[in-house]
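[1] pasting the structure only:
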């Protein structure tokens, strides 16, 4: 199965490499392996583009992030979230008056007079949206295929499949990133990396995580390169603290971990280590040309973990020409969103950090002259319930997300604005957009969201199904493959 997936999204690369090996007389069954595939890519980019996934770990509360604002919808929201019938704060509802400074003003108004504002702590993000540098994708989440609430309630997994292990944190994080539950070996960001490898001189720098390991960045050939907010991560065996500061010990350890071995697996391990050592040196040298104090990064706030991660992404982007990179995929994250209680107070700080970090990141791309070439987007385990459990909200499904960058068709909403209702009447039109307690039934799939980003990145339509396994279930006016939020 995995081999077939490789063939789907690297078909042209596969054929090209096959021809090269045949010309050299190499034995095809041996030569055409995953390592050889790493030397190929489905497109050879001459410009630069980067995608930056900002993952909100824990399941962000959609209803208090992109907040319904028009009077009719707000009144429904307030009543459901414990704010009563007035327009003041109460329960987990935010006061309507507090939302006025972050009111979103799209170029094309939403149907039916619907309006949204952002969380009051997100003034920076509201500014990006209203200036055209950001857009909102409404009600997006994992789907196997389009499904109605009635079909969901039938519960027939053969006729109406849904993503595995819905409402589970670890599994839905994985499904967002890879279309598979926890334990997935590869993700769609890594598959983009597979296609982009030969566009980069330093192929190890194609997929970069500033937030540890993730299935999202792992491809069949591409592998995530881990970096810290301080810079390149040093091989532990060569660290001064491990070698007691001894030059002789460090030299001996270096020889042990880098020398050629007769045992195939031992030798491969040392080759990987050698590449890591080489990458560390190259990254450190390149980043030295763009220190954290560089004027291009002056907008980043201090004391903000996400901003620190995005600042490192910005520095790596600044060093792209030194490292010879034309296509890159990055992964950053922030946690703390599993707010079953203390939602109002805790989310305010989280939204402030998210907003200021994304705003500063976009400012850095403008300062570097690459705003049109860098796109950041948010993702999360799931949205949460519209209903309150008293002091918070519980696990949900669909949610609202942001896309930021100069190539974004901003100042716009994409997808369908869900009605605000939690009735259980199957005949109520307001009731078809959730599966209980205001858990949004996604009207846009992650596959559509990812396909739109991948197309901008340079992936051909014929290669999308190999990256996104459920995409073939979608298409047409109701579920377009390209959602239109990228130029």
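    Alright, I've got the coordinates. Computed from a predicted model, the values in this text were never measured in an experiment.

[2] tell me the SS of the closest residue to residue 459 other than its chain neighbours?
    Leaving aside its sequence neighbours, residue 459 sits nearest to residue 195 (Cβ to Cβ, 6 or more residues apart in numbering; 6.2 Å). C-beta here means a position set from N, CA and C on the backbone, and glycine is covered the same way. Look at residue 195: counting by DSSP: H, G, I helix; E, B strand; the rest coil, its state is helix.

[3] what's the pLDDT at residue 195?
    The model reports residue 195 with a pLDDT of 96.

[4] now do the strands in the stretch 1-150 of the chain.
    49-56, 66-68, 116-118, 134-141 (DSSP state E, counting those that start in this stretch).

[5] try the stretch 301-450 of the chain
    327-334, 374-380, 399-404, 412-414, 444-445.

[6] tabulate the ones you listed in a markdown table, adding columns for mean pLDDT.
    Output for the strands of the stretch 301-450 of the chain, formatted as a markdown table (pLDDT from 0 to 100):
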| stretch | mean pLDDT |
| --- | --- |
| strand 327-334 | 98 |
| strand 374-380 | 99 |
| strand 399-404 | 99 |
| strand 412-414 | 98 |
| strand 444-445 | 98 |
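
[7] break the chain down into its structural domains.
    1-40, 49-67+100-229+286-473 (automatic domain parsing).

[8] for residue 338, see how far away the closest residue to residue 169 other than its chain neighbours is.
    Spatial nearest neighbour of residue 169, excluding adjacent residues (Cβ to Cβ, 6+ apart): residue 381 at 5.3 Å. Applying Cβ to Cβ, to the nearest Å, the value for residue 381 to residue 338 is 8 Å.

[9] give me the neighbour count for the residue nearest to residue 459.
    Neighbour count for residue 195, taken as other Cβ atoms under 10 Å: 30.

[10] same check, this time on residue 201
    When neighbours are counted by other Cβ under 10 Å, residue 201 comes out with 13.

[11] my guess is it contacts residue 324. True?
    Yes - with contact defined as Cβ atoms under 8 Å, residue 201 counts as touching residue 324 (2.6 Å).

[12] show me the shaky parts of the protein.
    By pLDDT under 70, the low-scoring segments of the chain are 1-42, 235-245, 249-250, 253-258, 267-276, 424-431.

[13] turn the strands of the stretch 1-150 of the chain into CSV, including mean neighbour count.
    Shown next, in CSV, are these (neighbours: other Cβ atoms under 10 Å):
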stretch, mean neighbour count
strand 49-56, 23
strand 66-68, 26
strand 116-118, 25
strand 134-141, 26
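
[14] now those strands as TSV including distance to residue 154?
    Output for those, formatted as TSV (distance: least, Cβ to Cβ, whole Å):
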stretch	distance to residue 154
strand 49-56	32
strand 66-68	30
strand 116-118	32
strand 134-141	19
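
[15] out of the ones you listed, which is closest to residue 217?
    Of all these, strand 49-56 sits nearest to residue 217, with 8.4 Å by Cβ to Cβ.

[16] parallel or antiparallel, which strands does the closest one pair with?
    Its sheet considered, strand 49-56 pairs with strand 327-334 (parallel), strand 374-380 (parallel) by DSSP bridges.

[17] which residues touch the spatially most central residue of the chain?
    The centroid of the chain falls nearest to residue 53 when counting by Cα atoms, centre = their mean (2.8 Å). Counting by Cβ atoms under 8 Å, 6 or more residues apart in numbering, residue 53 makes contact with 189, 216, 329, 330, 331, 332, 376, 377, 379.

[18] would you confirm that the fourth one contacts residue 54?
    What it means is residue 330. No - using Cβ under 8 Å, residue 330 makes no contact with residue 54, being 9.1 Å away.

[19] correct me, but residue 415 touches residue 480?
    No - in this structure, residue 415 is not within contact of residue 480 by Cβ under 8 Å, at 10.1 Å.

[20] what about these two, which has more around it?
    With neighbours defined as other Cβ under 10 Å, residue 415 and residue 480 compare such that residue 415 has more, 20 against 15.

[21] any idea how far residue 479 is from that one?
    Counting by Cβ to Cβ - residue 415 and residue 479 are separated by 10 Å.

[22] make sure residue 357 is actually in contact with residue 310.
    Yes - the pair residue 357 / residue 310 is scored as a contact, 5.3 Å apart, by Cβ under 8 Å.

[23] give me the number of residues near the residue nearest to residue 111 when sequence neighbours are not counted?
    Nearest non-adjacent residue to residue 111, counting by Cβ to Cβ, 6+ apart: residue 417, 7.8 Å away. Around residue 417 there are 21 other residues, counting by other Cβ under 10 Å.

[24] ok, residue 417 to residue 70 distance?
    10 Å.

[25] same deal with residue 443?
    For residue 443 relative to residue 70 (Cβ to Cβ), the value is 19 Å.

[26] which of these two has more neighbours?
    With neighbours defined as other Cβ under 10 Å, residue 443 and residue 70 compare such that residue 443 has more, 20 against 16.

[27] which residues are in contact with that one?
    Neighbours of residue 443 in contact, by Cβ under 8 Å, 6+ apart: 138, 139, 140, 398, 415, 416, 418, 433.

[28] what do you get for residue 231?
    283, 284, 287, 312.

[29] and with 6 Å instead?
    Residue 231 sits next to residue 287 when contact means Cβ atoms under 6 Å, 6 or more residues apart in numbering.

[30] next: residue 294.
    Neighbours of residue 294 in contact, by Cβ under 6 Å, 6+ apart: none.

[31] show me what the residue nearest to the centre of the chain bridges to in the sheet.
    Beta-bridge partners, per DSSP bridges, of residue 53: residue 331, residue 377.

[32] show me where the stretch 51-200 of the chain has its helices.
    71-80, 96-99, 123-131, 149-154, 169-178, 188-196 (DSSP state H, counting those that start in this stretch).

[33] go through those and name the closest to residue 117.
    That would be helix 96-99 among the helices of the stretch 51-200 of the chain, by Cβ to Cβ, at 3.7 Å.

[34] would you mark the buried spots in the closest one?
    Neighbour counts over helix 96-99 (16 or more other Cβ atoms under 10 Å) mark 96, 99 as buried.

[35] contact partners of it?
    For helix 96-99, using Cβ under 6 Å, 6+ apart, the contacting residues are 67, 69, 74, 87, 117, 120.

[36] of all the strands of the stretch 1-150 of the chain, which lies closest to residue 301?
    strand 49-56 (15.5 Å).

[37] thought residue 137 was touching residue 415?
    Yes - the criterion here is Cβ atoms under 6 Å, and residue 137 meets it with residue 415 at 5.5 Å.

[38] what residues are shared contacts of residue 417 and residue 70?
    residue 114.

[39] next, the buried residues of stretch 196-213.
    196-200, 202-211.

[40] start to end distance for it?
    Length of stretch 196-213, first residue to last, Cα to Cα, to the nearest Å: 20 Å.
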